[in-house]
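Trainee: requesting a structural model of the entry that follows:
(chains A and B)
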Amino acid sequence: MELKFLRKNIDKVKPHFEKGGKWERWYYVFEALETFAFTPNLTTRSNGVQIRDAVDLKRMMNTVIIAMIPCLLFGMYNVGYQHYLAMGQESAFWFDKFLFGLVKVLPVVVVSYAAGLGTEFVFATIRRHPINEGFLVTGMLIPLIMPPTIPLWQVALATVFAVIIGKEAFGGTGMNILNVALTARAFLYFAYPGEISGEVWTSLPKDQTEIVAGYSGATPLGIAAQANSESSQARRDVKDYLAKKNDDPSEKNDIIYEEALDISSNLNTKSLVTDRFDSHWGSSMYNAQTMFIGFIPGSIGETSTLMCLVGAFILVFTGVGSWKIIVSVFAGAYGTALLFNLIAANEFMLMPAHYHLVLGGLAFGAVYMATDPVTAAQTEVGKWWYGILIGVLTVIIRVLNPAYPEGIMLAILLMNVFAPLIDFYVVKANKKRRLSRATV
Amino acid sequence: MELFNLGIKSIFVENMIFAYFLGMCSFLAVSKKVSTAIGLGAAVIFVLTITVPLDWIIQEYVLKEGALAWMGPQFAETNLEFLSFILFIAVIASMVQLVEMIIEKISPALYGSLGIFLPLIAVNCAILGSSLFMVQRDYTFAEATVFGFSSGIGWLLAIVALAAIREKLKYSNVPDGLKGLGLTMLITGLMGLAFKSFIGLAV
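Mentor: I've put the predicted structure just below:
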């Protein structure tokens, strides 16, 4: 009933937007809204493509959005959960937590959509091209990879930047080189590092006294990096001390020595990183299971590996996302982490390999970002290489690059840059193989 | 191991293009096709691998303060470093001449598609830049060789990646004002953003 009413009204105003109508200039804005509600009423002409499917780009994008809803809902709950945890009211009513998260997250989503769609509408009207559905997904991805405390104007700025520089400059949806949502995040990361790194992952109450003593909103990856740099410092201290003692036996600085020895005594037996996780004040807060479910500080939608897997199931089942990329990202990360376990040159390398899979944004990136069909490798063999390299690079950046605690964002962006090259060589190898098979 | 680390560092962390923005002109101009880009990249690797160690020898035994001591005690104080630019460039130019002759002989097609940019390697800032970095950072002979070779690899990697992207972009509906160099500059910026993942890498 309602749909018929909608249809009737759309048909009523439609002539105004068509050629010669008074609002002709806004045709593409109108068309975007119409096809969002109804499948375009196109039938096959006698020449040209003969097979059509109801699943057009908009329907595909909607599938991705549906796949993101578990992450979004969980993210809202987790924002509230972390907030109440910081105030020591862990047992607060679950709906209060969700409501708190909703109030925090919804504005970010609204701002991201408003800024992005506004930019899209302007470009579509000026350049006379149909409005690109791509932003429906990007607009949802951007809030999910922002910390809950992000200022709204920065969300808007990053979104506009990413849509114009990252996408419209290349000719719109389907033409971009870098993932648009990640471009937005990388832009913020380098332009306003204060708001997107450090301890911004929990929306704390304004009144500082309400915060539980000892609460730290650091992400597990932040804690790991911290433990890593402390232990390297400790090793250096022990070394310095021993060197000094060699030079001058009367030299005595037992406090530093004992502290340092304390940290470095259990080197190579148990990772200081897992030790820190285990001894964190909310003792069960950072065990592998909690991190898998996702009750940890982090960007709004990225914390829950479980919800990402639910999303992955939807994407793979409907054929929208490539399972090859998802599997190979995880495999690449796990393999590299195992290799680091063997090398064991620092504390971070000693962290059990499976932790890497549930920490931070690896799952979210693998499922929703790496599978982006526009920026990923297009060839089937290329997808394996693309995914594996993302996984490998992510762990390398996490463990070896103290400048960034999280690696998945830059790893995906870097592989976006190299995806066309991977495809080029896969296609070339394919040509060669088939030529050698051909007999004339 | 040290040398290996230096190699990794000069390919990724201190990439000539994305960390120093050296050698941009040919990077932007000869990146329309992957095959041409590989050709130019290979030529740059070749020139760099030869000129950096060669310049190292010149620096060490001719230019540096006291480097001429081997000619006799009266030269022990001589400092010819003011000649370094002109001598380095002379070495580079003659190497490029050599590469040009080799390519013309081996692959006339590549020679044709590289066009003016082949002799212009002589003024490619990445190449003179590498020699100057080599002096500044006090590399040993082995380090200088590895540094020259891997800087070239880094440059090749960058230009080939850009060329693959530009081949893909042939089908894009790019706004008129941005067609050609404009968009290429934007892509370079975005690639630089992605390459930031290596900056700060502990190797």
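
Trainee: residue contacts, A:Ala333?
Mentor: A:356-357, A:362, A:391-392, A:394-395 (C-beta atoms under 8 Å, 6 or more residues apart in numbering or on different chains). Placement of C-beta: from N, CA and C, glycine included.

Trainee: quick one: it from B:Ser84, how far?
Mentor: According to C-beta to C-beta, to the nearest Å, A:Ala333 and B:Ser84 sit 47 Å apart.

Trainee: can you tell me the closest non-neighbouring residue to B:Tyr27?
Mentor: I think there's a mix-up here, since residue B:27 is Phe and not Tyr. Spatially, and ignoring its direct neighbours in sequence, B:Phe27 is nearest to B:Ile159 (5.4 Å; C-beta to C-beta, 6 or more residues apart in numbering or on different chains).

Trainee: would you map the helices across chain B?
Mentor: B:2-8, B:24-29, B:34-58, B:84-106, B:108-114, B:125-136, B:141-169, B:181-195 (DSSP state H).

Trainee: for the fourth one, packing partners?
Mentor: Contact analysis of helix B:84-106 by 3 or more C-beta pairs under 8 Å, 6 or more residues apart in numbering or on different chains; DSSP states H and E lists helix B:34-58, helix B:108-114, helix B:125-136 as its packing neighbours.

Trainee: do the fifth one as well
Mentor: For helix B:108-114, the packing partners by 3+ C-beta pairs under 8 Å, 6+ apart come out as helix B:34-58, helix B:84-106.

Trainee: for that helix, buried residues please.
Mentor: By 16 or more other C-beta atoms under 10 Å in any protein chain shown, the buried positions in helix B:108-114 come out as B:110-111, B:113-114.

Trainee: again with the first one
Mentor: Under the neighbour-count criterion of 16+ other C-beta under 10 Å, helix B:2-8 has B:6-7 buried.

Trainee: how about residues contacting it?
Mentor: Contacts of helix B:2-8 (C-beta under 8 Å, 6+ apart): B:142-143, B:146-147, B:149-150, B:153, B:203.

Trainee: for the chain, which spans come out with low pLDDT?
Mentor: You didn't say which chain, so I picked chain A. Segments of chain A classed as low confidence (criterion: pLDDT under 70) are A:1-2, A:37-55, A:132, A:207-210, A:213-217, A:245-246, A:248-272, A:275, A:278-285, A:440.

Trainee: try again with chain B
Mentor: In chain B (pLDDT under 70), the answer is B:202-203.

Trainee: what do you get if the cut-off is 80, keeping everything else the same?
Mentor: B:1, B:65-78, B:113-117, B:120, B:200-203 (pLDDT under 80).

Trainee: residues in it within reach of chain A, list them.
Mentor: Contact residues (C-beta under 8 Å from any C-beta of the partner chain) of chain B with chain A: B:34, B:160-161, B:164-165, B:167-169, B:171-175, B:178, B:183, B:186-187, B:190-191, B:193-203.

Trainee: which ChimeraX command selects the buried ones in those?
Mentor: To isolate the buried ones among these in ChimeraX, judged by 16+ other C-beta under 10 Å, type:
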select /B:34,160,161,164,165,167,168,169,172,174,175,178,183,186,187,190,191,193,194,195,196,197,198,199,201
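
Trainee: returning to that earlier point: ok, which of the helices of chain B comes nearest A:Lys383?
Mentor: For the helices of chain B, the distance to A:Lys383 is smallest for helix B:141-169, at 15.7 Å, taking C-beta to C-beta.

Trainee: elements contacting that closest one?
Mentor: helix A:408-437, helix B:2-8, helix B:24-29, helix B:34-58, helix B:125-136, helix B:181-195.

Trainee: ok, back up a step: winner for burial among the helices and strands packed on helix B:108-114?
Mentor: Sort the helices and strands packed on helix B:108-114 by mean neighbour count, taking mean count of other C-beta atoms under 10 Å in any protein chain shown, and helix B:34-58 sits at the top with a mean of 22.

Trainee: which elements pack onto that helix?
Mentor: Helix B:34-58 packs on helix B:84-106, helix B:108-114, helix B:125-136, helix B:141-169, going by 3+ C-beta pairs under 8 Å, 6+ apart.

Trainee: for these, could you give me TSV that also reports distance to A:Ala162?
Mentor: Listed next are the helices and strands packed on helix B:34-58 as TSV, based on distance: least, C-beta to C-beta, whole Å:
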stretch	distance to A:Ala162
helix B:84-106	41
helix B:108-114	35
helix B:125-136	30
helix B:141-169	17
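
Trainee: out of those helices, which comes closest to A:Pro352?
Mentor: helix B:141-169 (33.3 Å).

Trainee: between the closest one and helix A:408-437, how big is the angle?
Mentor: Helix B:141-169 and helix A:408-437 are oriented at 80 degrees to each other (axes from the mean of the first three to the mean of the last three C-alpha atoms, to 10 degrees).

Trainee: please compute how far helix B:141-169 lies from its chain's middle.
Mentor: 8 Å (C-alpha atoms, centre = their mean, to the nearest Å).

Trainee: quick check: buried residues in it?
Mentor: B:143-169.

Trainee: can you report how many residues neighbour A:Leu309?
Mentor: 15 (other C-beta atoms under 10 Å in any protein chain shown).

Trainee: A:Val417 against A:Asn179, yeah?
Mentor: No: if you go by C-beta atoms under 8 Å, A:Val417 and A:Asn179 don't touch, sitting 10.8 Å apart.

Trainee: more crowded one of those two?
Mentor: The residue with more neighbours, out of A:Val417 and A:Asn179, is A:Asn179; 28 against 25, by other C-beta under 10 Å.

Trainee: would you agree the more buried one is in contact with A:Tyr368?
Mentor: No: applying C-beta under 8 Å as the test, A:Asn179 and A:Tyr368 come out as separate, 9.5 Å apart.

Trainee: quick one: the helices in the stretch 101-250 of chain A, in order.
Mentor: A:134-144, A:152-161, A:180-191, A:193-196, A:220-247 (DSSP state H, counting those that start in this stretch).

Trainee: okay, the angle between the second one and helix A:180-191?
Mentor: It refers to helix A:152-161. Going by the same axes, to 10 degrees, helix A:152-161 makes 120 degrees with helix A:180-191.

Trainee: so which residues make contact with helix A:152-161?
Mentor: A:107-108, A:111-112, A:114-116, A:119, A:139, A:142-143, A:146, A:183-185, A:187-188, A:192, A:195.

Trainee: at 6 Å instead, please
Mentor: If you take C-beta atoms under 6 Å, 6 or more residues apart in numbering or on different chains as the criterion, helix A:152-161 is touched by A:107-108, A:111-112, A:115-116, A:119, A:142, A:184, A:187-188, A:192.

Trainee: reformat those residues as JSON lines; add neighbour count.
Mentor: As requested, these are arranged in JSON lines below (neighbours: other C-beta atoms under 10 Å in any protein chain shown):
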{"residue": "A:Pro107", "neighbour count": "13"}
{"residue": "A:Val108", "neighbour count": "21"}
{"residue": "A:Val111", "neighbour count": "21"}
{"residue": "A:Ser112", "neighbour count": "26"}
{"residue": "A:Ala115", "neighbour count": "24"}
{"residue": "A:Gly116", "neighbour count": "27"}
{"residue": "A:Thr119", "neighbour count": "20"}
{"residue": "A:Ile142", "neighbour count": "30"}
{"residue": "A:Ala184", "neighbour count": "29"}
{"residue": "A:Phe187", "neighbour count": "22"}
{"residue": "A:Leu188", "neighbour count": "26"}
{"residue": "A:Tyr192", "neighbour count": "15"}
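
Trainee: nearest to A:Val29 among those residues?
Mentor: Out of the contacts of helix A:152-161, the member with the shortest distance to A:Val29 (by C-beta to C-beta) is A:Thr119, at 12.7 Å.
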